[in-house]
Structures are given as C-alpha cells and as structure tokens.
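Asker: Based on what follows, work out the 3D shape:
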Amino acid sequence: MNKTIDINCDLGEGGEFDADLMPLISSCNIACGGHFGDDESVVQAVRLAKLHQVHVGAHPSYPDTENFGRHSLELPAEDLKRHLHRQIDRVEKACKAENLPLHHIKPHGALYNDMRKQQTIADLILEVVTEREKELFLFTPPFINFTSELPKTISLWIEGFADRAYQNDLSLVSRKEKGAVLHDPLLISESVLSMIHNQQVLTLSGEKIKQTFDTICVHSDTPNALKILRLLRSKLVESGIKIGSKNEG
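Answerer: Residues are numbered from 1 along each chain as shown. Model prediction:
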C-alpha cells in the first residue's frame, strides 16, 4: 500500500534558503508578525509557495519578536485572540491576492508547546481557528484535547518533527538541553522513515513510542536544513512514500 506524508517547513522567518527549501516541501507555515514577519515578507512567501504549488498555512505566535515567540506570555484571552486573528489575517490577505486558499494554521514556538501544557490555550486556539469560519487544518502535537467538540470544518493534523528530539511523553526536548536539535541528515531521514513505516518515535532516552503522524516538520533555521530536506525527500521517494497531503490521495 502506497503511503503519503505531508512535509512542512516554517518559512518567512528571515532565513536565506526559503527559495531553495520551498520546492522540497508540500506545506509551509508562514511567520506573520508575532515572532517574525511583516506584510512584505508574508507576500513574498505566499508567492513563492504559489510558484511551487505548496499549501500555505499561517504560523501565528505570542506577540514577542524579541524572543522569537519562544517564551510563554500571560495575556488576557481576548487580547491574545485579537493578536492571533491579526496575524492570520495578514496571511489570508496575501493568499486572496494570489487566488490561493489558506490551507492550515500552525501555532509557533511557546504557543504551540502551551497547547499541551494549558487547556485554556488549546481551547483558545481552537476558538480562533473556528472563528475563521472556513474549512481549515490545524497542526497540533500529539495528545491534544479540547473542551468543546471539534467543528466539522476543522480537521486536525498530528505533527511530528524530523529535527527535534522527543521526551517519552512525546513533548519536545527543550532547546536549552543538549541533543534537543538534531543535525545529521542521514540519521534524521532514518528516524522519519521509522515514524512513517513503523508509526513510532525513538525518544532521547531510547524508548520507542507508538504514534502516527499526518505531517512532518523540518525547521528552516535548523543547521543543515537544506541538506536535511534534500536527503529526506530522496529517501522518502526511494522508500515509495509520496510527499503531499493525505486528503489528496
């Protein structure tokens, strides 16, 4: 049976290799002002995605450019929702100008991690996505629960990370710890193949945890990101795995 996996990358974050990375992926998550980015960078990223027929997603975060969105912030719920909608609006406006649909939303950094740690943050993010009033995919880590029922317009894609180490509960190892970010393209490719073929993740402690994924991320700011994606794409094709969205067959 042929397998299909979506490969995504966080782009529009000021990296110098976006134009090289975009043809290697099937979905992109565009920084939209919370941790990085402005109208110009978003438009450039959306146009690049259109050129390579890559699904466009918004990558909103806590409003914290100083710390690249990697610190949790305590904000009133309505204020945070307003910030997130403003960021997503920026990507959606650029998509409309290019006659592209907004495909998904993927929270960034601390906001993404807080979805697992804080029920209120998970519920708030779902509220924001639901309030967009359209069909969207929401990228989440494993084991996310929401207080309310998932609307029919929203589909969850469980995301795995090619270039990050995992704890036994499938939370990411803190970037402050040694071994949190993976660099070896061959080892990363072998790990991703296991994630797809065997539905399992090898954790930092050596445990093998069962988990299926809908999309796999390579961060654009990971050292060797371009080499990682080139080799990963080659290994996936060699293994008979199609790169793209599952809902597209």
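
Asker: Wasn't residue 168 part of a strand?
Answerer: No: counting by DSSP: H, G, I helix; E, B strand; the rest coil, residue 168 is not found in a strand; it is coil.

Asker: what's the neighbour count on it?
Answerer: Other residues within reach of residue 168, judged by other C-beta atoms under 10 Å, total 12. Bear in mind the C-beta positions are built from the backbone N, C-alpha and C, glycine included.

Asker: Please go through this structure and pick out the longest helix.
Answerer: Longest helix in the chain by number of residues, with DSSP state H as the criterion: helix 77-97.

Asker: Direction included, what does the helix or strand following that helix pair against?
Answerer: Where DSSP states H and E defines the elements, the next helix or strand beyond helix 77-97 is strand 102-105. Strand pairing for strand 102-105, using DSSP bridges, gives strand 55-59 (parallel), strand 136-140 (parallel).

Asker: State the number of residues packed around residue 45.
Answerer: By other C-beta under 10 Å, 26 other residues sit near residue 45.

Asker: right, I mislabeled it, should have said residue 78
Answerer: Look at residue 78: counted by other C-beta under 10 Å, it has 9 neighbours.

Asker: dump the residue contacts of it.
Answerer: Residues near residue 78 by C-beta atoms under 8 Å, 6 or more residues apart in numbering: none.

Asker: Determine whether the claim that residue 156 is in a helix is correct.
Answerer: No: counting by three-state DSSP, residue 156 is not found in a helix; it is strand.

Asker: Mean pLDDT and distance to residue 5 added to the strands paired with strand 102-105, as TSV?
Answerer: Shown next, in TSV, are the strands paired with strand 102-105 (pLDDT from 0 to 100; distance: least, C-beta to C-beta, whole Å):
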stretch	mean pLDDT	distance to residue 5
strand 55-59	98	13
strand 136-140	98	13
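
Asker: so which of those gets nearest residue 66?
Answerer: strand 55-59 (17.5 Å; C-beta to C-beta).

Asker: CA atoms only for the closest one, dumped as CSV, please.
Answerer: Below are the C-alpha coordinates for strand 55-59, written out as CSV (Å, rounded to 0.1, in the frame of the first residue of the first chain):
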residue,chain,number,x,y,z
HIS,A,55,0.0,24.6,0.7
VAL,A,56,0.0,27.8,2.6
GLY,A,57,-0.5,28.0,6.4
ALA,A,58,-0.4,30.8,8.9
HIS,A,59,2.2,30.4,11.7
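
Asker: Let me know how buried residue 105 is, in neighbour terms.
Answerer: 24.

Asker: Tabulate the strands paired with strand 102-105 in TSV, adding columns for distance to residue 206 and mean neighbour count.
Answerer: Below are the strands paired with strand 102-105 laid out as TSV (distance: least, C-beta to C-beta, whole Å; neighbours: other C-beta atoms under 10 Å):
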stretch	distance to residue 206	mean neighbour count
strand 55-59	32	28
strand 136-140	26	22
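
Asker: Report the central residue of this protein.
Answerer: What sits nearest the mean C-alpha location of the chain, by C-alpha atoms, centre = their mean, is residue 106, with 5.2 Å.
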